[in-house]
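Chemist: quick one, structure for this:
(4 chains)
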2 protein chains.
Amino acid sequence: MATVSSTTSGTASGTPTRGRRNRRGEILEAAARLFAARGFHGVSIEDIGGAVGVSGPALYRHFDGKDALLSEMLLDISSRLRESAVAAVTTSPDPRATLDALLDAQITFAIEQPALITVHDRELGNVPEPARRQIRRLQRLYVEEWVTVLAELHPACPAARLRAATHAVFGLLNSTPHSAGELPAQDMRPLLHTMAHAAITAAVKTR
Amino acid sequence: MATVSSTTSGTASGTPTRGRRNRRGEILEAAARLFAARGFHGVSIEDIGGAVGVSGPALYRHFDGKDALLSEMLLDISSRLRESAVAAVTTSPDPRATLDALLDAQITFAIEQPALITVHDRELGNVPEPARRQIRRLQRLYVEEWVTVLAELHPACPAARLRAATHAVFGLLNSTPHSAGELPAQDMRPLLHTMAHAAITAAVKTR
DNA sequence: CGATGACGTTAATGATGACTAACATCCGTG
DNA sequence: CACGGATGTTAGTCATCATTAACGTCATCG
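Modeler: Next up, the predicted model:
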């Protein structure tokens, strides 16, 4: 066991995989789509295998099991989100710009990876324990990046309120998967940015 | 079969149930909590029975099966949401007031019935077909109430944009279950109202 | 060339789970 | 008081599913 958890110690998702054809990636992608649609327990190993053209137990050549698959998926996403936040913070000249960068990054994820985003905030409860804690930690750090930036912009606003507002904004942005198709991504992107920004601005005006 | 769909033809959720003790209601409530936490397929009939103090197959005295239970649950919620919207529209003097009433109603649901709200926008995919269509219909009607009101307030804004904005606002408001505990409901309520209102206002300004 | 390892395949195996059957209990009503 | 219906209970039944076993294939590399 622990064969697969190399993701943790290794180059994370740095190297896609040496081999020509990347089954691992295909599987993760297909599984994400299926989990998003029917929920973790609503999808069988057979379903996942079938979706990538192999059948059933072939999965075990790539992952330790269904749980490990989910764990890696959520770990990957929460890492990437977290990293994107760090990047936004370190490359922006001032808090205003940082907030814009955070918004853009989250919007990009929500629009380009709807399945991953969906699974990310639905299936944490099905992740077994060592990974669960790790994921929670990354999520918490991600939120704190936002809260820190908002606190710089609005020092008068209590942190609890900033945290609540942040979660609400995530809800707004992550709703994209539900409303898919209403509007082309090209229009959706600025719309979400505008709405989220306005919501935050309204939230921080401590009454 | 079709025993349970009396909800549709009957007094909806008017009369709780004649019998003294209301098992049906207890079951629906417990199931909602469990489904919200672990997903439909992650919860067994035994789990649900156990949660209300009876064990397993006793459920079949009240529902036709697990699917029927879910169907009734989602049908009930989407009806109630829809009704609340109709009430908001018919009792408010002008569109501005209607929008406030719609916001308040949705916020009340989100805060008071987090489990139901969660299940409502996660498990539609697991509802079998006759009910599925019906639920979709009610959801669509609910959205249209919002869109209609917004269109009255902002005739210049294209309907597609209004629809997308509406979904985004639902995402914002329904995020409450995730951020539970961050802020007392007493503060959460006006915060959500403020944020949602600001987001809408920003959205309708067609650039 | 021959071994090795990556990647698949098709049968078990063992749980778990939805649903049914057969059998109480209890309560109100004729 | 006897009966019927509502409500439970426990012990199957039959599928489905995750996981493992045992067994190919094929390319690479020594």
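Chemist: get me the contact residues on chain A for DNA strand D.
Modeler: Within chain A, the residues that sit near DNA strand D (CB under 7 Å from any atom of the strand) are A:His41, A:Val43, A:Ser44, A:Ile45, A:Glu46, A:Gly56, A:Pro57, A:Tyr60, A:Gly65, A:Lys66, A:Asp67. Heads up, the C-betas are built off the backbone N, CA and C, glycines and all.
Chemist: ok, and of these, which contact DNA strand C?
Modeler: Restricting those to those within reach of DNA strand C (CB under 7 Å from any atom of the strand) leaves A:Gly56, A:Pro57.
Chemist: between the residues of chain A next to DNA strand D, which has the most around it?
Modeler: For the residues of chain A next to DNA strand D, neighbours were counted by other CB atoms under 10 Å in any protein chain shown; the highest total belongs to A:Val43, with 21 neighbours.
Chemist: what about A:Leu75, how many residues close to it?
Modeler: Residues lying near A:Leu75 (other CB under 10 Å) number 21.
Chemist: just A:Asn174 next, same as before
Modeler: Considering only other CB under 10 Å, A:Asn174 is surrounded by 24 other residues.
Chemist: cool, the one 10 residues further on as well?
Modeler: As a burial measure, A:Pro184 scores 9 neighbours (other CB under 10 Å).
Chemist: backbone phi and psi for it, please?
Modeler: Main-chain dihedrals, A:Pro184, degrees, to the nearest 10: phi -60, psi 150.
Chemist: how about the helices of chain A, start to end?
Modeler: A:6-9, A:23-38, A:45-51, A:66-91, A:95-112, A:114-120, A:129-153, A:159-174, A:185-203 (DSSP state H).
Chemist: got the residues of chain A near DNA strand C?
Modeler: Residues of chain A lying close to DNA strand C (CB under 7 Å from any atom of the strand) are A:Gly19, A:Arg21, A:Arg23, A:Gly49, A:Val54, A:Ser55, A:Gly56, A:Pro57, A:Ala58, A:Arg61, A:His62.
Chemist: nearest to B:Arg136, of those?
Modeler: Closest approach to B:Arg136 among those (CB to CB): A:Gly49, at 30.7 Å.
Chemist: that closest one: what's it in contact with?
Modeler: Contacts for A:Gly49 were tallied using CB atoms under 8 Å, 6 or more residues apart in numbering or on different chains; they are A:Ser55, A:Gly56, A:Pro57, A:Ala58, A:Leu59.
Chemist: one step back: would a markdown table of the residues of chain A next to DNA strand C with pLDDT be doable?
Modeler: Written out in a markdown table, the entries for the residues of chain A next to DNA strand C read as follows (pLDDT from 0 to 100):
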| residue | pLDDT |
| --- | --- |
| A:Gly19 | 46 |
| A:Arg21 | 73 |
| A:Arg23 | 92 |
| A:Gly49 | 96 |
| A:Val54 | 95 |
| A:Ser55 | 91 |
| A:Gly56 | 93 |
| A:Pro57 | 97 |
| A:Ala58 | 96 |
| A:Arg61 | 96 |
| A:His62 | 96 |
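Chemist: closest one of these to DNA strand D?
Modeler: For these, the minimum distance to DNA strand D (CB to the nearest atom of the strand) is 3.4 Å, reached by A:Pro57.
Chemist: show me what contacts that closest one?
Modeler: A:Ile45, A:Gly49.
Chemist: how much space between it and A:Arg24?
Modeler: 16 Å (CB to CB, to the nearest Å).
Chemist: likewise for A:Pro114?
Modeler: Relative to A:Arg24, A:Pro114 is positioned 21 Å away (criterion: CB to CB).
Chemist: so what's the residue count around the residue nearest to A:Thr148 when sequence neighbours are not counted?
Modeler: If the residues on either side of it in the chain are set aside, A:Thr148 comes closest to A:Val89, at 7.9 Å by CB to CB, 6 or more residues apart in numbering or on different chains. Other residues near A:Val89 come to 16 when the count uses other CB under 10 Å.
Chemist: run a quick check on A:Val89 versus A:Leu99, I expect a contact.
Modeler: No - distance between A:Val89 and A:Leu99: 10.1 Å, which falls outside the contact criterion (CB atoms under 8 Å).
Chemist: need the overlap of contacts for the two.
Modeler: Common neighbours of A:Val89 and A:Leu99 (CB under 8 Å, 6+ apart) are A:Val149.
Chemist: ok, the residue nearest to A:Thr148 - contacts?
Modeler: Applying CB under 8 Å, 6+ apart, the residues contacting A:Val89 are A:Thr98, A:Ala101, A:Leu102, A:Glu145, A:Thr148, A:Val149.
Chemist: A:Asn174 too?
Modeler: Listed by CB under 8 Å, 6+ apart, the contact set of A:Asn174 reads A:Ala110, A:Ile117, A:Thr118, A:Asp121, B:Gly171.
Chemist: in PyMOL, how would I select the buried members of these?
Modeler: This is the PyMOL syntax for the buried subset of the contacts of A:Asn174, where burial follows 16 or more other CB atoms under 10 Å in any protein chain shown:
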select buried, (chain A and resi 110+117+118) or (chain B and resi 171)
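Chemist: list just the nearest of the contacts of A:Asn174 to DNA strand D.
Modeler: Each of these was checked against DNA strand D using CB to the nearest atom of the strand; the closest is A:Thr118, at 18.5 Å.
Chemist: where does chain A dip in pLDDT?
Modeler: For chain A, residues meeting the criterion pLDDT under 70 lie at A:1-20, A:207.
Chemist: one more time with 80
Modeler: Flagging of chain A using pLDDT under 80 yields the residue ranges A:1-21, A:180, A:206-207.
Chemist: okay, the residues of chain A next to DNA strand C in TSV with distance to B:Ser84 next?
Modeler: Rendered in TSV, the data for these read as follows (distance: CB to CB, whole Å):
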residue	distance to B:Ser84
A:Gly19	55
A:Arg21	52
A:Arg23	49
A:Gly49	44
A:Val54	48
A:Ser55	48
A:Gly56	46
A:Pro57	49
A:Ala58	49
A:Arg61	52
A:His62	48
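Chemist: and the furthest pair within these?
Modeler: For the residues of chain A next to DNA strand C, with distances taken as CB to CB, the pair at the greatest spread is A:Gly19 and A:Gly56 (20.8 Å).
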